[in-house]
Structures are given as structure tokens and as C-alpha cells.
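Novice: After the sequence you'll find the predicted model.
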Amino acid sequence: MAVPRRGPAGSFGAVSTALIWDPALMAYHFSPEHPFNPRRLALAVSLMEAMGLLEDVPIFPPRPAGDDELLSVHTPDYIAAVRRLSQPEAARLDAARWGLGTDDNPIFPGMHEATALVVGGTLRAAELVMSGEATRAMNIAGGLHHAHAARASGFCVYNDLAVAIQWIRQTYGARVMYIDYDAHHGDGVQGIFYHDADVLTLSLHESGRFLFPGTGFTDELGEGAGYGYSLNVPLEPFTEDDSWMAIHRELLPEIAEAFRPDVIVLQNGCDGHVRDPLTHLRATTRLYEETPRLVCEIADRFCEGRLVATGGGGYDVWNVVPRAWTLVWAALSGRQAPDGIPTRWSERWRAEAPTPLPALLRDQEDAYTPVPRRAEIESANRRMVQKLRRQAFPLLRTALH
């Protein structure tokens, strides 16, 4: 099936950017103590609303992904195991075989149904974008990029991103560029499409030498027909905005020009922020405003604006995640968010918050102490990018020309 043609982004129909949201998505909840806290979803959406960023915005509920859709990337035995283990009375002797019942991926009642709804949310976003009903769409609960074909990993049970990408490929035959700037390597998405030349995966993350899942190095380039279409940018610990954004501005447009995608899928994990408790990067909210704006420009240039976005990691639930994803949403919807956070949002959540809530949407320039090794870190990142260029870019150009 051909990809529908359209005019300039935003020039068709009444819908430009759509949000996928329903409180039911918060059922993806491992335990009260688990760092992957779904409360962050409600915090972010309520902040978007309080700041007037959801006025005249179409909000679509997710739908559960069907077994046929899950089977497009996950094995039958794995789906059966997830479904069985989701029952409270289920024996769990084989749970570890599937990556479940661990500290990262504890089993919870209704796990299959809750995760299938997250997957269906990203599928709904893809349907809106590929049909032409929306230019861009975001499933804020999505971004489960660590799940593998037959194994849960890194807080991720099913891989909503891979299922949506596979649906786009099977339904439209479209070329998909997947961009992931979560602090953790997008290993699950990479692995599922490691042999596919029509899905380019690009992950920018803290180096696997220091952070889970221990993968995502520049020599992971794909295999078979997909050789050259798996790209990784492993950043040095303590990388700050300037170095990170310089890489985005340099590489993202050039890779898109070489690959010529029909649609971009963007994972917006915000755990690279300096306040995140699980990582060692030092981004500020600037990264989560400038990166999606850049990706929107690339989508407008190469694929008629088509952009499917998700959330992802982010473990400073009260201070960082709501602000970062509000800035992501503002960029995706082409709006300029004010800086002051409305008091009604703070008043709504103050009694529940374990720490003082932020007053400003954006981090101030002097909010965090610069890293003493900044020049050394930036130099190491530049050398890594040069290595990636030597390894990957000739492969891309040879394959395409």
C-alpha cells in the first residue's frame, strides 16, 4: 500500500498534532516502590493542560493491541507466558526464562492487558499519522524500547515501538527512521530490526560501558540486509547539553538525508537529565525542547511531517518528567510554552509530592554546576562521532546509491 501523499505539514484537515491519552494507561504499574512510576504520566498531562497546551487538541484514547499485532514482533510462546503470568494464581517457576519476576520487571496482575494497551496507544498514534489524519501524534505512555522478541527487559514487557514500526512497514511499505535519545540504549528496537534495511535505528545514549543494558556501541551496525542501518552514539558520562545537541544537529539531518524516511518514530525518554537518579548524563530541559523541534524540521523536510512520538524513561517523577514532556509536547504541536508553571498545577499535586514542586518550566542556565572535565568529555564525544562516520556512513551511501 502506498504512503498517502499530503501537502506541507499542517495543511491538510483540522488535525495537526494529536495526543494519545487515557488514565487507563497508568495500569502499567509494577509496584509502589518501582522507579517506573505511572504517576509521571498524569503529572505531565495535567501540566500540559494547566499551561494551555491542550486547548483545541484532539485527544484519542488508546485501544488494546491484538494478538496478531503483538505477534508481528513477539514470539507466540512469550505472549502466552506474559498472559499466563498476569493471572494472580499462576505458577511462576519459569518466569525468569522470559525476563519476568525480576527486580526490574516484577510480575503484576493484569500485566498483559496493561502492556497491550500501551502498545495499542502507539499503534493508534501510527494510524493517525500514516492515514493523514494527523501530522504528528504522541503516545506519552509509550517508549518501551528494551523489550525483546521473547524477553522482558529494563521495565519493558512488550515493545510498543517495534510493534508500531512493524505495522507501518506491513501496512504501508514505508521506510522508518527510528530516533531514540533516552539515556539507555534502545536495544530492543535495534535487535528486532537488526536485519532490516527499511528501518534505520539511531540511538543516542550513555555509553554501555557504564549503564544498562551494556550495549549500543558504534560497531553494532546491523546484519545481513540491515548492515549499516543500525547506528549508535554512545555518549560519555556527564555529557551536557552543548555536546549532546551539537551531535544531534550534525548527525540527525545528515542521516535522514542519506536514508530518506517516509516517517520518523521518536522516543523521548528524559532520563538523560542531570537530576535523574538512574543515569550519569547532565542534560537540562533544553535538550527536550530543542531535540523534538529539530526532529520536526527533519520530518517536514524529508517525510511530509510524519512523526510518531512516545515517552520513555524518566525517573525524577515530580520535578523533571512533567516539565520535559511538556516541552516535548509544545515542540511537537508547534507551540511556545510559557516559562511560569501555573499555581493551580502545583496546588493540585503539592500534598502528594515528596519534594517541592518546580516553579519554572525550563531549567535556568546557572541551575547546575558545570562539569570540570567538560572539554575532555566533549573531545571524547567528537572522537566517537568521527568513528561512527568512518564505520557507518559509507555503508549507508553505498546501499542507497
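Specialist: Alright, I've got the coordinates.
Novice: so after the helix or strand hosting Glu347, what's the next helix or strand?
Specialist: According to DSSP states H and E, Glu347 maps onto helix 343-349. Next helix or strand after helix 343-349 toward the C-terminus (DSSP H and E): helix 374-400.
Novice: rewinding a little: chain center to the helix holding Glu347: distance?
Specialist: 27 Å (CA atoms, centre = their mean, to the nearest Å).
Novice: Show residues contacting that helix.
Specialist: With contact meaning CB atoms under 8 Å, 6 or more residues apart in numbering, helix 343-349 is reached by Leu43, Ser46, Leu47, Ala50, Met51, Trp318, Leu357, Ala359. (C-beta placed from N, C-alpha, C; glycine too.)
Novice: Contacts only, for the last one.
Specialist: The neighbourhood of Ala359, defined by CB under 8 Å, 6+ apart, consists of Gly340, Ile341, Ser346.
Novice: which residues sit in contact with the first one?
Specialist: Think Gly340. By CB under 8 Å, 6+ apart, Gly340 lies in contact with Ala359, Leu360, Leu361.
Novice: And the pLDDT at it?
Specialist: For Gly340, the pLDDT comes out at 98.
Novice: residues making contact with the strand or helix carrying Asp300?
Specialist: For Asp300, the element it lies in under DSSP H and E is helix 285-302. With contacts defined as CB under 8 Å, 6+ apart, helix 285-302 is touched by 8-9, 136, 179, 181, 241, 244-245, 248-249, 252-253, 256-257, 260-261, 263-264, 266, 268, 270, 272-273, 305-307, 309, 320, 323-325, 327-328, 330-332, 334, 361-363.
Novice: what's the answer for stretch 114-122, then?
Specialist: 20, 24-25, 27-29, 62-65, 69-70, 82, 108, 139, 141-142, 144, 157-161, 163-164, 308, 310.
Novice: buried subset of those?
Specialist: Neighbour counting by 16 or more other CB atoms under 10 Å classes 20, 24-25, 27-29, 62-65, 69-70, 82, 108, 139, 141-142, 144, 157-161, 163-164, 308, 310 among the contacts of stretch 114-122 as buried.
Novice: distance between the strand of greatest length in the chain and the chain's centre?
Specialist: Longest strand in the chain, counting residues (DSSP state E): strand 199-206. Distance, stretch centre to chain centre, for strand 199-206: 10 Å (CA atoms, centre = their mean).
Novice: Rounded mean pLDDT for that strand, please.
Specialist: The average pLDDT for strand 199-206 rounds to 98.
Novice: Could you tell me the angle between it and helix 374-400?
Specialist: Angle of strand 199-206 versus helix 374-400, following axes from the mean of the first three to the mean of the last three CA atoms, to 10 degrees, is 170 degrees.
Novice: which helices and strands sit right next to strand 199-206?
Specialist: strand 176-180, helix 187-192, strand 230-235, helix 241-259 (3 or more CB pairs under 8 Å, 6 or more residues apart in numbering; DSSP states H and E).
Novice: Not counting its neighbours along the chain, what's nearest the residue nearest in space to the middle of the chain?
Specialist: Centroid-nearest residue in the chain, with CA atoms, centre = their mean: Gln267, separated by 1.8 Å. Once flanking residues are discounted, Gln267 sits nearest to Asp180: 4.2 Å by CB to CB, 6 or more residues apart in numbering.
Novice: With Phe30 instead?
Specialist: Distance criterion CB to CB, 6+ apart; nearest residue to Phe30, sequence neighbours excluded, is Pro106 at 4.9 Å.
Novice: Quick check: of the contacts of Ala359, which lies closest to Val199?
Specialist: Using CB to CB, Ile341 is the member of the contacts of Ala359 that lies nearest Val199, at 38.1 Å.
Novice: For that closest one, give me its contacts.
Specialist: Leu47, Ala50, Met51, Arg323, Leu357, Pro358, Ala359, Leu360, Leu361.
Novice: I'd like the distance between it and Val57.
Specialist: According to CB to CB, to the nearest Å, Ile341 and Val57 sit 19 Å apart.
Novice: Asp219 versus the residue lying closest to Arg92 once chain neighbours are set aside, what's the distance?
Specialist: Counting by CB to CB, 6+ apart, Arg92 lies nearest to Gly101, which is 5.4 Å off, once chain neighbours are set aside. Taken as CB to CB, the spacing of Gly101 relative to Asp219 amounts to 33 Å.
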